[in-house]
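Asker: have a look at this fold, sequence not included:
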């Protein structure tokens, strides 16, 4: 099996130097529907990606808002706002576990026909 660095080097668009991205803490794939949703701020998209990165590790995620804020390089207040955006857009469902405990988050990848149509026209493969 070919090393990922060698495989990517063939495309000459991405240069990897000094590390293997897969073995150096993995990676997270974010659905294009989320990335291209113009209703979401860049911070909300980053928050979604961080929640995905936590969930891929153990099939669930319940990080504290302080952890999210630290990892995103944002304030706790900003994280609360980003998560509210995700909830209002239908990408995130929050379940409270009780006083002093972290919440449990369920991530949704919604695909609406209008989003799929628009993305094909503006983002060719």
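Answerer: That came in fine, so what should we check first? Everything numeric here is computed off the predicted structure, so don't read it as measured data. Residues are numbered from 1 along each chain as shown.
Asker: from the structure, what's the count of residues near residue 81?
Answerer: Using other C-beta atoms under 10 Å as the criterion, residue 81 is surrounded by 15 other residues. In short, each C-beta sits where N, CA and C put it, glycine included.
Asker: and for residue 54?
Answerer: Residue 54 has 18 neighbours, counted by other C-beta under 10 Å.
Asker: go ahead and confirm it touches residue 63.
Answerer: Yes: contact status for residue 54 versus residue 63: in contact at 5.4 Å, counting by C-beta atoms under 8 Å.
Asker: pLDDT at residue 4, what is it?
Answerer: Reading off the confidence values, residue 4 has pLDDT 58.
Asker: try residue 32
Answerer: At residue 32, pLDDT is 91.
Asker: can you pull out the helices in the protein?
Answerer: Secondary structure of the chain by DSSP state H: the helices cover 4-9, 32-35, 42-58, 65-72, 76-89, 113-122.
Asker: for the shortest one, packing partners?
Answerer: Contacts of helix 32-35 with other secondary structure elements, assessed using 3 or more C-beta pairs under 8 Å, 6 or more residues apart in numbering; DSSP states H and E, are made with helix 42-58, helix 113-122.
Asker: count of neighbours near residue 74?
Answerer: For residue 74, the count of nearby residues is 17 (other C-beta under 10 Å).
Asker: re earlier: the helices of the chain: lowest mean pLDDT?
Answerer: Among the helices of the chain, helix 113-122 has the lowest mean pLDDT, at a mean of 45.
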